[in-house]
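Chemist: predicted model follows, preceded by the sequence.
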Amino acid sequence: MSATAPQHPRVLHVITILSVGGVEVWLTALLRHIESLERDRLPHETFDILMTGGKRGDLDDLAASLGATLHYLPFSRRNLPAFAGSFRKLLRERKYSAIHDHQDYSAGWHFLAGAGELPPIRIVHVHNPPARLRVESRSALRRMGLRVSASLVRRFATHVLGTSSQILEQYGFKRKQFPRQSIRTLHCGFEVADFTESFDEANRSVCAELGWPHPAKLALFVGRLDGFDPSRPGWNHKNPQFALEVARLALERDPDLRFVMVGGGGDVQAQLESKVREWGLSDRISLVGRRLDVARFMAAAHTLIFPSLEEGLGMVAVEAQAAGLHVLASDAVPREAVVLPELVKFLPLSAGAEAWCTELLKQLSLPRYDASVAAEKVKRSPYSVAESYRRLHSIYGSADDAA
């Protein structure tokens, strides 16, 4: 950092809305970590968060309480001139040392809007599964817009980060096409200590909430239930319908099993709940909606079923490992999500629901892994929030080396 840089440089994070999603939860974990660095008087950045959706989300108050300054600037390519005026004013007044944009190729348009006022470090971060890219490539006009977006990223970005090397490859971020950018994997870390609640305590708490006997053998699904592709409203890369079908088959073979689905989804959630009622399984399957206490449900469960059609990484699977859960994942999930190989079993979706049911019951019959041992192993991995922040801090502090 230069001698004139502020003691705590400001970084602007750009997202759509502070909802309960992977990147948003990661940002709040980073803010908590920064708060601890502040207490210990250690070097750190301060974060501003810009919501291009222009609306408040579930985590706004939490982020603000942790020291983030929040900004709401609605963005679309149609309102680019209006956005640019407000955005440039923000950049000029706040004097950021870095801008960290979490909207993959759309970041190029944001950078164009801020041209002339951009900080020296300009990061594009890829989190979303390839389905998001396909939505942006559906028509000739959209594909042309995507090519322009890529050229803007090539022109303005200094760094391209991905939640996995697999997602960087799928999005086309290769050295040959982006020769001036530093391209690397940076996993979203989390506070591992949040996943160390004792199994007995957590299981008792969840069972009391859901009206189930304690202790209960719990299988768990965590993920959004609705999709983000308007042209395919029934399609969701998290594949909750398949997970529910596997659970139905497993419940037929093991009446003591209970199944919990965590995740919001509006109409889709209502449709799945209706299906559970039709099966007569409402007393053994619970859809609890979007929750902020996912760690408690993980501590209470035995196995996570993760039948994704595709993933940017699959942080839920990593969090489950930190809680000591066995994980039954589809082979579409990047292998980079594996921290404890003894806890993760991959199975192709083509094997069908019956095969998944058999494997799920096999995992449920295994002893529960020692959560304290699991947490310690994940804590030493790139998925701890401390390591995640350390790597970010190195990038944010590289302004003198930036293009």
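Modeler: Structure's in. What do you need? Numbers count the residues shown, from 1 in each chain.
Chemist: now the helix or strand harbouring residue 14 - C-alpha only, CSV.
Modeler: Using DSSP states H and E, the element containing residue 14 is strand 10-15. The C-alpha trace of strand 10-15 is given here as CSV (Å, rounded to 0.1, in the frame of the first residue of the first chain):
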residue,chain,number,x,y,z
ARG,A,10,-12.4,1.1,1.9
VAL,A,11,-13.6,-1.7,-0.4
LEU,A,12,-16.9,-1.5,-2.3
HIS,A,13,-18.7,-4.8,-2.7
VAL,A,14,-21.3,-4.9,-5.5
ILE,A,15,-24.2,-7.4,-5.2
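Chemist: and it, what's buried?
Modeler: 10-15 (16 or more other C-beta atoms under 10 Å). All C-beta spots, glycine's among them, are computed from the backbone N, C-alpha and C.
Chemist: and that strand, which strands flank it?
Modeler: If you go by DSSP bridges, strand 10-15 pairs up with strand 46-51 (parallel), strand 98-101 (parallel).
Chemist: quick revisit: farthest pair in the buried residues of strand 10-15?
Modeler: 10 and 15 (16.2 Å; C-beta to C-beta).
Chemist: show me what the helix or strand bottoming out on mean pLDDT in the chain is packed against.
Modeler: Sorted by mean pLDDT, DSSP states H and E, the helices and strands of the chain end with helix 130-135, the least confident at a mean of 81. For helix 130-135, the elements it packs on are helix 165-170, judged by 3 or more C-beta pairs under 8 Å, 6 or more residues apart in numbering; DSSP states H and E.
Chemist: which is the succeeding secondary structure element to the helix it packs on?
Modeler: Sequence order places strand 182-185 as the next helix or strand after helix 165-170, per DSSP H and E.
Chemist: could you list the buried residues of whichever helix or strand comes after that following strand?
Modeler: As assigned by DSSP H and E, the chain's next helix or strand after strand 182-185 is helix 199-210. By neighbour count on 16+ other C-beta under 10 Å, the buried set for helix 199-210 is 199, 202-203, 205-207, 210.
Chemist: turn those residues into JSON lines, columns for pLDDT.
Modeler: Formatted as JSON lines, the buried residues of helix 199-210 follow (pLDDT from 0 to 100):
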{"residue": "199", "pLDDT": "95"}
{"residue": "202", "pLDDT": "97"}
{"residue": "203", "pLDDT": "97"}
{"residue": "205", "pLDDT": "97"}
{"residue": "206", "pLDDT": "98"}
{"residue": "207", "pLDDT": "98"}
{"residue": "210", "pLDDT": "98"}
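Chemist: average pLDDT for stretch 245-255, rounded please.
Modeler: Averaged across stretch 245-255, the pLDDT comes to 97.
Chemist: buried ones in it?
Modeler: Buried residues in stretch 245-255 (16+ other C-beta under 10 Å): 245-251, 254.
Chemist: list of residues touching that stretch?
Modeler: 217, 219, 221, 257, 259, 279, 281, 284-285, 305, 307, 353-354, 356-357, 360-361, 364 (C-beta atoms under 8 Å, 6 or more residues apart in numbering).
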